[in-house]
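Undergrad: Here is my input, please return the structure:
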Amino acid sequence: MRILASVVLAAILTGGSPAMAQSTADPDVARTVEAIASIRFAGGPSFSPDGARIAFISSASGIPQVWTMAADGSDARQITHLNDPVQSVEWSPAGDQIAWDVAPGGGLNVQIYVSHPDGSGARRLTAGGRENNALTGWTDDGRRLMAASNARDPARFEPVLIDVATGVATPVSDGAGVSRLLDLSPDGRHAVITRLVSRGDNNLYLVDLASGTETLLTPHTETATFGWGEFSPDGRRIHVMSNGGRDRQAFGVIDLTADGTPGPIRIIAERADAEAESASLSHDGRRAALFWNASGRSELSWLDTATGVVTPGPALPMDIVSGSVLSRDGETLALSGSGANRPGDIHRLDIGSGTLAQLTRSAHDGVDLATLVRPTLVTYRAHDGEELSGWLYRPVGATGPGPVVANYHGGPEGQSRPSMSDVTQALVARGITVFAPNVRGSSGFGKRFVNLDNGPLRVDGVRDIKATTDHLVAAGIADPARLGIMGGSYGGYMVMAGVTEYPDMFAGGANLFGVVNFETFFAQTEPWMAAISTVEYGNPVTEADMLRALSPIHKIDIVTTPLIILHGANDTNVPVVEAEQIVNSLRARDVPVEYVLFPDEGHGWRKLPNRIRSTTAIVSFFERTLAARP
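TA: Below is the predicted model:
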């Protein structure tokens, strides 16, 4: 499991001129933001085969890079020194190499490299250019890498095995669509791959590598998602996650007969109050660490694979576990975790004693972590009675109605969780409450809920914006004259939907790399992204009228809300044309709009120096627009 936090780089362009603008932020705002935005993180641990060292990703230098350290946290060394962010790292089974992937310019054209553990001898294995790649890990023999690539066809991702010596990538499957290689059987004869039907719907397949024959492992009729897909050491069992035929994700297994015929999924661990989130299986297959998403917070339990008994793990000091791996001997778990008031760091859990030790201590110079606000979980009702929820961050000592920014997550199948956010903490430090909603369509609350905004149902998701602000006002938290809205990616779409559907509701909005026009999005996003988005959003060929009605650009002429628009020039997911349409339209009508362009970033910001300038711009914007009105 490899999920790394993003960090922010911005070069701020404001007004009508393309020239670089000078920051006009209050010096106190700049100091507050600089300290909070400069908090570093560490995550994505990978053990050396002897368990003596751990490779990981850290932003200690300002840009996420590969580091290694001793298993007790000592002797930390930075081994890559690149101008581009590294996304993940995997130590080879032989211990003599590590593999890592890099996002040039922060874009999605990720490339895969190998090097010696000290960083020497680095070689790029993928071709470079605009192709997209995704690293999964090493095969057991240490000669190949498991990955996915769209090098042969930009409209699809196909699972590949990359020969480390030659760099030759061999497709595992010729199936169309967006696929990824999850695991290779111990004898090297079979692979498990995942292939998207659409966003929020996928299948797992067992592939015979000699013949190319695919066997469907997850037959289903209704929408369902399946994950994990790891072989047992004897190759006779595949460990999975599944919500097929059920609402919430659970952990299960698929048993294989001697000739490789799969049986049905057999559920081995489930919870009515949480969803299966991720897992890590020991090399000998005796135990697995199971992680659950319980209303946004991570919880750990242990699976004894021989008996099927599941026992609770220790209480974790972090709110969210974003990466985990078991040592080869199965006695130690390395995990990366964070919380709203603690940066991402790597911890080591000794399974026998239950002792948890923090290995990295990400820098937070000038910030007393004890002063950062931990949110409270709030529930409320939508217009149709659907239960919604969100995380409320209140400034210390705040009472009565005041300025509030609602921060909508991306996805749309994402989830607001109690995570470290420099923008949130900086706003709260300046006296502005932040509310992070989980409206319909959010993940983490079951399959029914995540599909409530598909296609024409998106109008109900937009109506949840009003339900959210109505609750904040009715609860005495928000001053209705001092409401702000912000969000990134799909959250940026929600910002634009909010200011067009409810033009008098918000005093200011911050749209980070959001979709505003589904026609231009489908035309200019990556072909594979367009292909998997037709169920979630709508089919641009057969449902063009619906997509037009759902596109805020066609109501942009009623917008009077001041906006700040932030986008990455290298964004291949939501191309920069989405931002340009908004800016050009609003400037033509003299509606206040600031344009923040990130020239060396893609879909999200990763580099530190301009992270400070970006967050400063957002906080300063909301301080101006949400100031008390006479």
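Undergrad: Show me which strand runs longest in the chain.
TA: strand 478-488 (DSSP state E).
Undergrad: after that one, next one along is what?
TA: helix 490-501 (DSSP states H and E).
Undergrad: ok so, going back, could you give me the average pLDDT of the longest strand of the chain?
TA: Regarding strand 478-488, the rounded mean pLDDT is 97.
Undergrad: Which is the succeeding secondary structure element to the helix or strand bottoming out on mean pLDDT in the chain?
TA: Least confident helix or strand, the chain: strand 11-12 with a mean of 23, by mean pLDDT, DSSP states H and E. Using DSSP H and E, the next helix or strand after strand 11-12 towards the C-terminus is helix 27-37.
Undergrad: Report the strands that pair with whichever helix or strand comes after that next one, each with its relative direction.
TA: Next in sequence after helix 27-37, counting helices and strands by DSSP H and E, comes strand 42-47. Strand 42-47 has the following strand partners under DSSP bridges: strand 53-58 (antiparallel).
Undergrad: What are the contacting residues of the strand it pairs with?
TA: 4, 40-48, 64-71, 78, 86-91, 98, 117, 334, 336, 346, 359-360, 362 (Cβ atoms under 8 Å, 6 or more residues apart in numbering). Just so you know, the C-beta spots here come from the backbone N, C-alpha and C atoms, and that holds for glycine as well.
Undergrad: can you pull out the strands in the stretch 251-400 of the chain?
TA: Under the criterion DSSP state E, counting those that start in this stretch, the stretch 251-400 of the chain contains strands at 262-269, 275-281, 287-294, 297-304, 310-312, 320-326, 332-339, 342-350, 355-358, 376-381, 387-393.
Undergrad: contacts for the longest strand of the chain?
TA: Contacts of strand 478-488 (Cβ under 8 Å, 6+ apart): 401-410, 423, 432-433, 465, 469, 472-473, 493-495, 498-499, 505-514, 604, 618, 622, 625-629.
Undergrad: ok, of these, which come out buried?
TA: 401-410, 423, 432-433, 465, 469, 472, 493-495, 498-499, 505-514, 604, 618, 622, 625-626 (16 or more other Cβ atoms under 10 Å).
Undergrad: Which of these fall in strands?
TA: 402-408, 433, 508-512.
Undergrad: Tabulate the residues you listed in TSV, adding columns for distance to Leu457 and pLDDT.
TA: Converted to TSV, these look like this (distance: Cβ to Cβ, whole Å; pLDDT from 0 to 100):
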residue	distance to Leu457	pLDDT
Gly402	33	96
Pro403	32	97
Val404	27	98
Val405	26	98
Ala406	21	98
Asn407	23	97
Tyr408	17	97
Thr433	29	97
Gly508	28	97
Gly509	23	97
Ala510	26	97
Asn511	22	95
Leu512	24	94
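Undergrad: Closest to Ala151 out of these?
TA: Nearest to Ala151 among these is Leu512, at 29.6 Å by Cβ to Cβ.
Undergrad: what is the closest one paired to in the beta sheet?
TA: What pairs with Leu512, by the bridge criterion (DSSP bridges), is Gly488, Leu566.
Undergrad: Does it touch Tyr493 like I think?
TA: No: contact criterion Cβ atoms under 8 Å: Leu512 and Tyr493 do not qualify, at 10.7 Å.
Undergrad: Gly400: how many residues sit nearby?
TA: 7 (other Cβ atoms under 10 Å).
Undergrad: do Val535 as well
TA: With other Cβ under 10 Å as criterion, Val535 counts 17.
Undergrad: Contact partners for it?
TA: Contacts of Val535 (Cβ under 8 Å, 6+ apart): 197-201, 454-455.
Undergrad: Repeat that for Val373.
TA: 340-341, 393-396, 425, 428.
Undergrad: circling back: quick check: angle from the longest strand of the chain to strand 402-408?
TA: Relative orientation of strand 478-488 versus strand 402-408 (axes from the mean of the first three to the mean of the last three Cα atoms, to 10 degrees): 30 degrees.
Undergrad: And Tyr526, how far from His603?
TA: In this structure residue 526 is Glu, not Tyr. 10 Å (Cβ to Cβ, to the nearest Å).
Undergrad: Of the two, which one has the most company?
TA: Comparing Glu526 with His603 by other Cβ under 10 Å, the one with more neighbours is His603, at 22 against 19.
Undergrad: my guess is the more buried one meets Gly568, correct?
TA: Yes: contact criterion Cβ under 8 Å: His603 and Gly568 qualify, at 6.3 Å.
Undergrad: For the nearest residue to Leu303 once chain neighbours are set aside, give its distance to Trp91.
TA: Residue nearest to Leu303 in three dimensions, not counting chain neighbours: Ala288, with 4.3 Å by Cβ to Cβ, 6 or more residues apart in numbering. Using Cβ to Cβ, we find Ala288 at a distance of 20 Å from Trp91.
Undergrad: One more: Leu145?
TA: Counting by Cβ to Cβ, the gap from Leu145 to Trp91 is 12 Å.
Undergrad: anything in contact with each of those two?
TA: Common neighbours of Leu145 and Trp91 (Cβ under 8 Å, 6+ apart) are Trp138.
Undergrad: higher neighbour count, these two?
TA: Leu145 (28 against 24).
Undergrad: wait, that one sits on Leu125?
TA: Yes: with contact defined as Cβ under 8 Å, Leu145 counts as touching Leu125 (7.1 Å).
Undergrad: which residues do these two both contact?
TA: 112, 114, 162, 164.
Undergrad: Keep only those of these that are in helices.
TA: Residues of the shared contacts of Leu145 and Leu125 located in helices (DSSP state H): none.
Undergrad: For ChimeraX, write the selection for the buried entries among those residues.
TA: Here is the ChimeraX command that selects the buried residues among those (16+ other Cβ under 10 Å):
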select :112,114,162,164
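Undergrad: Nearest to Gly313, out of the shared contacts of Leu145 and Leu125: which one, please.
TA: Of the shared contacts of Leu145 and Leu125, the one sitting nearest to Gly313 (Cβ to Cβ) turns out to be Ile112, at 32.8 Å.
Undergrad: is the closest one in a bridge, and if so with what?
TA: Asp101.
Undergrad: OK, contacts around it?
TA: Per Cβ under 8 Å, 6+ apart, neighbours of Ile112: 99-101, 124-126, 133, 135, 145, 147, 162.
Undergrad: Compare the residues you listed and tell me which is most surrounded.
TA: Top of those by neighbour count (other Cβ under 10 Å): Leu145, with 28 neighbours.
Undergrad: in which helix or strand would I find that residue?
TA: strand 144-149.
Undergrad: So what are the sheet partners of that strand and their directions?
TA: Assessed with DSSP bridges, strand 144-149 is paired to strand 133-138 (antiparallel), strand 158-163 (antiparallel).
Undergrad: Please, where are all the helices along the stretch 101-250 of the chain?
TA: Assigned helices in the stretch 101-250 of the chain: none (criterion: DSSP state H, counting those that start in this stretch).
Undergrad: which residues in it form strands?
TA: Using DSSP E, counting those that start in this stretch, strands in the stretch 101-250 of the chain cover 111-115, 123-124, 133-138, 144-149, 158-163, 169-171, 179-184, 190-198, 201-208, 214-216, 226-231, 237-242, 250-256.
Undergrad: before we move on, back to that, among the contacts of strand 53-58, which ones are buried?
TA: Looks like the contacts of strand 53-58 have 4, 40-48, 64-69, 71, 86-91, 98, 117, 334, 336, 346, 359-360, 362 buried, using 16+ other Cβ under 10 Å.
Undergrad: Now do the buried residues in stretch 343-355.
TA: 343-349, 351.
Undergrad: got it, and stretch 444-460?
TA: In stretch 444-460, counting by 16+ other Cβ under 10 Å, buried: 444-445, 447, 449-455, 458, 460.
Undergrad: ok, and what's touching stretch 546-562?
TA: 455-456, 458-459, 493, 496-497, 499-501, 503, 506-509, 516-519, 522, 537-538, 540, 581-582, 585-586, 589, 591-593, 621, 625.
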